[in-house]
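In: Okay, structure incoming, though there's no sequence with it:
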C-alpha cells in the first residue's frame with residue numbers, strides 16, 4: 001500500500017480555490033469533490049482537500065485559523081528543477097496568489113514560494129541531486 005497524505009485546507013470559496021490549484025497544473029479528483037469540497041491531486045501520494053469553511057468546521061471543535069491573518073502551517077512541495085519552482089510561483093501569481101518573498105538560491109537548494117488566495121503558505125524547493133548539505137551548529141537562545 002502506498003501511504004498518501006491528504007492536506008485539508010479551509011477555503012472561503014471552493015470554486016475559486018479549485019480554479020487556482022487547477023491553474024497550477026494540478027488535477028481534480030471528482031470522486032471526492034462537490035460544492036463543499038474539491039480534491040486536488042498533486043501526486044499519487046499527495047492530495048489537497050479544499051474544504052469550504054463551514055464544511056471544514058464539521059471536522060474540528062477548534063476555531064478555524066484565518067490564514068490571511070495568522071500562520072498555522074507552511075506547506076513545502078519538492079520540485080524537479082529550478083525551472084519548475086519558478087513556473088509554479090509564476091502560475092500562482094497569475095492565478096490570484098501572491099509571492100511573499102523573493103526566490104532564494106543556496107547553491108545546493110533553490111526555493112521560492114507563494115500564498116494562495118486564502119492565505120495558505122506554500123514553499124517550493126528544488127534540491128540538487130547528490131549535493132552534500134553541510135549543517136552549521138547554531139546555539140539556541
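Out: Thanks, I have the structure now. Source: prediction; values computed, not measured.

In: Nearest residue to the spatially most central residue of the chain in space, please, no chain neighbours.
Out: Closest residue to the average C-alpha location of the chain: residue 122 at 4.0 Å, with Cα atoms, centre = their mean. Distances taken as Cβ to Cβ, 6 or more residues apart in numbering place residue 75 nearest to residue 122, at 5.0 Å, with adjacent residues excluded. All C-beta spots, glycine's among them, are computed from the backbone N, C-alpha and C.

In: Give the buried residues for the helix or strand containing the one you found.
Out: Per DSSP states H and E, residue 75 falls inside strand 74-78. Of all the residues in strand 74-78, those buried under the rule 16 or more other Cβ atoms under 10 Å are 75, 77.

In: what packs against that strand?
Out: Strand 74-78 sits against strand 121-127, with contacts defined as 3 or more Cβ pairs under 8 Å, 6 or more residues apart in numbering; DSSP states H and E.

In: Compute the inter-axis angle for the strand it packs on and strand 74-78.
Out: Inter-element angle recorded for strand 121-127 and strand 74-78: 30 degrees (by axes from the mean of the first three to the mean of the last three Cα atoms, to 10 degrees).

In: now what about strand 121-127, what contacts it?
Out: 67, 71, 73-82, 84-85, 88-89, 92, 100, 108-116 (Cβ atoms under 8 Å, 6 or more residues apart in numbering).

In: Who does the residue nearest to the centre of the chain form a beta bridge with?
Out: Listed by DSSP bridges, the beta-bridge partners for residue 122 are residue 75, residue 114.

In: what's the answer for residue 105, then?
Out: Bridge pairing for residue 105 - DSSP bridges - gives residue 110.
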